[in-house]
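K.L.:
Pasting the sequence and the predicted model now:
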2 protein chains.
Amino acid sequence: MRQKRYAIGADIGGTNLRVALVDREGKIVERIKTSSTETDDVFDSLVSAIDRFYSDDVAGIGIGVAGVIERAKGIVKRSPNLPSVEGIGFIDGIRQKFSLPVYIENDANAAALGESWTGAGREFNSFVLFTLGTGIGGGVIYDGHLLDIAAELGHISIEADGVRCPCGNNGCLESYASARAMTGRAVESIESGTESLMKGCCEGNVYKISPEDIYSYALEGDNLARETLKTAGRYLGVGIASAINIFSPEAVILAGGLIGAWNIYVETAIKEASKRAFPEIYGSTKILPSLLKDDAGVIGAACLVFDKTNS
Amino acid sequence: MRQKRYAIGADIGGTNLRVALVDREGKIVERIKTSSTETDDVFDSLVSAIDRFYSDDVAGIGIGVAGVIERAKGIVKRSPNLPSVEGIGFIDGIRQKFSLPVYIENDANAAALGESWTGAGREFNSFVLFTLGTGIGGGVIYDGHLLDIAAELGHISIEADGVRCPCGNNGCLESYASARAMTGRAVESIESGTESLMKGCCEGNVYKISPEDIYSYALEGDNLARETLKTAGRYLGVGIASAINIFSPEAVILAGGLIGAWNIYVETAIKEASKRAFPEIYGSTKILPSLLKDDAGVIGAACLVFDKTNS
């Protein structure tokens, strides 16, 4: 039987649903992005998107989704940032609609797989990937393969008695270094009277401020915006150092929307990590940005299909 | 050629050097323990101990040693708690003396291997081991094999701006939950005037207090002793929760001298971890004590030999 040429990869995380048709070289042939993951119809949106790419030439469907996955059952057991997907039986549901093999993986794990296949991780045998967005996720490649572990790097406690996280823990890295942490801190400072150009943001509704806004104001020279990015970056560095001391990886790859603020947020993180990690390990660890950017998840999800089928 | 029956396993860590003759079933035939690791002659002590067990029936020598190992070169690159071993060329040196294959591994990694072979980890495909002693180490078994990572679980930061650790990081788990952290906190509290039976310890020299002493006083009902164990245990729980959220292991195995205080220190840790880790992961993770106790390291070191030689 002729080998089918494509896989459909889906990435359900943060505030977007991305679906793409991917070939066996890991190239995206076509993609869709919708912003429906915060509503209740994630499953329906996913089905519509898959339907657009479905053909006889599709070998299977891979799905990356934020949260703790029960792979065997194809269910998201827990997703603090995307509760609407909890309990959805993705594998059974999608298989029923399309009669194709379906695989599911945590979204950050899928992104790590994508970077390993055709992205910034290609040349490394081992790396730790952080997804830096609304939340913080992680994925670990070891000896060329994705480790089948939760890798919830956003939910390691970096302040034992710190703020309560929706996950139930206290002081999670995510609560100090994510997009949500940044915007929260900026708003709090403005509310408490700190002078900042950010007050004029979003037609006066500072509660709508985004990390991109904060970054723009920082580039304009706004002190609070700069400090907000640096504080978050410093905490990120604490988390990166722990990941380095645990995994002694060849590389740490940083992905997600926040790496747009590389020269303030990420550079602060790298500086902090360099002071904290065991120097003997840090010295042989490269820290670098994602190559695939927003496509890492769908490409990695498609990789699940090609790794697991010979069809 | 007849298969050689034994391996020599050595464990250099904390304050002791342990060396044992181990058979292919993982049974210890004979053991030596010396307390010389704090002196400068670790290498010489190791050679003498190996010499006692050396015979034609020994397949090789495995060495577990505290610190960051460069396996290929057989060197300890860094050992914050045992600086005297830094830079020693164990593999070359021992091979020269005995003309046998020599393998080296981090001591906690070796202990994990030992527990996996014949100890508390036998029935698990994946587990995280913590060694709880003067310092805190870690080792991770995944898919039945030792992960070749630093696994420096004692050096993840649980208080981003916490106390400075000799490793260079701030707020390391080890600085809050190890034997050294416990005795340090007890002495500090007594110095600052807290009432405690521990004042009468060690013929009046409270600076000599050991975790065993603290545990005895706690059992006698001393409040400060109890609080000291509970505080350290609570921090240990913070670290265990992070390890569970990262590795989603089938089990967490606790080893090292401190598990003697299981019913205060460890039980507090388990309670804290249960409140913090993702419930969906925690629910399928067992937390249990080492079976091999002080022998885990030498048995794991011997396992390195049998895993890697067919002699």
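P.N.:
Happy to help now that I have it. The model shown is predicted, which means the values in this text are computed figures rather than measured ones. Numbering: from 1, shown residues only, chains lettered A, B, ... in the order given.

K.L.:
hey, where'd the helices end up in the stretch 151-300 of chain A?
P.N.:
Here the stretch 151-300 of chain A has its helices, by DSSP state H, counting those that start in this stretch, at A:174-177, A:179-191, A:211-219, A:223-247, A:267-276, A:279-282, A:296-308.

K.L.:
Using TSV, lay out these together with distance to chain B, mean pLDDT and mean neighbour count.
P.N.:
For glycine as for every other residue, the C-beta is placed from the backbone atoms N, C-alpha and C. Putting the helices of the stretch 151-300 of chain A into TSV (distance: least, CB to the nearest CB, whole Å; pLDDT from 0 to 100; neighbours: other CB atoms under 10 Å in any protein chain shown) gives the following:
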stretch	distance to chain B	mean pLDDT	mean neighbour count
helix A:174-177	8	98	28
helix A:179-191	13	96	19
helix A:211-219	21	96	20
helix A:223-247	4	98	25
helix A:267-276	4	98	20
helix A:279-282	4	95	18
helix A:296-308	16	95	27
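
K.L.:
so where is chain A shaky, pLDDT-wise?
P.N.:
A:1, A:14, A:36-40, A:310-311 (pLDDT under 70).

K.L.:
secondary structure class for the most centrally placed residue in it?
P.N.:
Central residue of chain A (CA atoms, centre = their mean): A:Thr131, 3.3 Å from the mean position. Here A:Thr131 is strand, with the state taken from DSSP: H, G, I helix; E, B strand; the rest coil.

K.L.:
Spit out the contact partners of it.
P.N.:
A:Gly13, A:Asp107, A:Ala108, A:Ala111, A:Gly137, A:Gly138, A:Gly139, A:Ala255, A:Gly256 (CB atoms under 8 Å, 6 or more residues apart in numbering or on different chains).

K.L.:
Out of those residues, the closest to B:Pro289 would be?
P.N.:
A:Gly138 (29.0 Å; CB to CB).

K.L.:
Within the sheet, what are the partner strands of the helix or strand harbouring the closest one, with directions?
P.N.:
Taking DSSP states H and E as the definition, one finds A:Gly138 inside strand A:136-142. Here strand A:136-142 is paired, per DSSP bridges, with strand A:127-132 (antiparallel), strand A:145-146 (antiparallel).

K.L.:
What distance do you get for the residue nearest to A:Cys202 when sequence neighbours are not counted to A:Thr183?
P.N.:
Excluding its sequence neighbours, the residue lying closest to A:Cys202 (CB to CB, 6 or more residues apart in numbering or on different chains) is A:Lys208, at 4.0 Å. Taking CB to CB, to the nearest Å as the measure, A:Lys208 falls 9 Å from A:Thr183.

K.L.:
Which residues are in contact with A:Glu267?
P.N.:
A:Glu267 touches A:Gly233, counting by CB under 8 Å, 6+ apart.

K.L.:
Around chain B, which positions in the stretch 1-150 of chain A sit nearby?
P.N.:
A:Val68, A:Lys77, A:Arg78, A:Ser126, A:Gly138, A:Tyr142, A:Asp143, A:Leu147, A:Asp148, A:Ile149, A:Ala150 (CB under 8 Å from any CB of the partner chain).

K.L.:
Would you confirm that the last one belongs to a helix?
P.N.:
Read that as A:Ala150. No - under three-state DSSP, A:Ala150 sits outside any helix and is assigned coil.

K.L.:
Neighbours of it, how many?
P.N.:
27 (other CB atoms under 10 Å in any protein chain shown).

K.L.:
Can you verify my assumption that it contacts B:Glu280?
P.N.:
No - counting by CB atoms under 8 Å, A:Ala150 does not reach B:Glu280; the two are 9.1 Å apart.

K.L.:
which residues are in contact with both of these two?
P.N.:
A:Val68.

K.L.:
hang on, the earlier thing: please tell me how far the residue nearest to A:Cys202 sits from chain B.
P.N.:
29 Å (CB to the nearest CB, to the nearest Å).

K.L.:
A:Arg94 contacts A:Gly62, correct?
P.N.:
Just to correct that, residue A:94 is Ile rather than Arg. No - counting by CB under 8 Å, A:Ile94 does not reach A:Gly62; the two are 10.2 Å apart.

K.L.:
since we're on the closest residue to A:Val140 other than its chain neighbours, how many residues are nearby?
P.N.:
Sequence neighbours aside, A:Leu147 is the residue nearest to A:Val140 in space, at 4.5 Å (criterion: CB to CB, 6+ apart). Residues within reach of A:Leu147, counting by other CB under 10 Å, total 25.

K.L.:
was I right about A:Leu147 contacting A:Gly138?
P.N.:
No - the criterion here is CB under 8 Å, and A:Leu147 misses it with A:Gly138 at 10.2 Å.

K.L.:
List the contacts of A:Glu195.
P.N.:
A:Asn223, A:Leu224.

K.L.:
can you rerun that using 7 Å?
P.N.:
By CB atoms under 7 Å, 6 or more residues apart in numbering or on different chains, no residues touch A:Glu195.

K.L.:
Look up how far chain B lies from it.
P.N.:
A:Glu195 is 26 Å from chain B, by CB to the nearest CB.

K.L.:
which residues touch stretch A:86-94?
P.N.:
A:Phe43, A:Ile50, A:Ile61, A:Ile63, A:Gly74, A:Ile75, A:Val76, A:Arg78, A:Ser79, A:Val102, A:Ile104.

K.L.:
of those residues, closest to chain B?
P.N.:
A:Arg78 (4.5 Å; CB to the nearest CB).

K.L.:
Can you give me every residue that contacts the closest one?
P.N.:
A:Arg78 neighbours (CB under 7 Å, 6+ apart): A:Gly67, A:Val68, A:Glu86, B:Phe278, B:Glu280.

K.L.:
isn't A:Gly137 right up against A:Asn109?
P.N.:
No - because the distance of 8.1 Å does not satisfy CB atoms under 7 Å, A:Gly137 is recorded as not touching A:Asn109.

K.L.:
Out of these two, name the residue with the larger neighbour count.
P.N.:
A:Gly137 (33 against 28).

K.L.:
For the residue nearest to that one when sequence neighbours are not counted, list the residues it contacts.
P.N.:
Spatial nearest neighbour of A:Gly137, chain neighbours left out: A:Ala108 (3.0 Å); criterion: CB to CB, 6+ apart. For A:Ala108, the contact set (CB under 7 Å, 6+ apart) comprises A:Leu129, A:Thr131, A:Gly137, A:Gly138, A:Gly139, A:Ala151.

K.L.:
Next, count neighbours for A:Glu220.
P.N.:
11.

K.L.:
how close does it get to A:Gly233?
P.N.:
Taking CB to CB, one finds A:Glu220 at 18 Å from A:Gly233.

K.L.:
in what helix or strand does the residue nearest to A:Gly137 lie?
P.N.:
Using DSSP H and E, A:Ala108 falls in helix A:107-118.

K.L.:
related to what we said a few turns ago, now the two most distant members of the contacts of A:Ala108.
P.N.:
Spatial extent of these (CB to CB) is set by the pair A:Thr131 and A:Ala151 at 10.3 Å.
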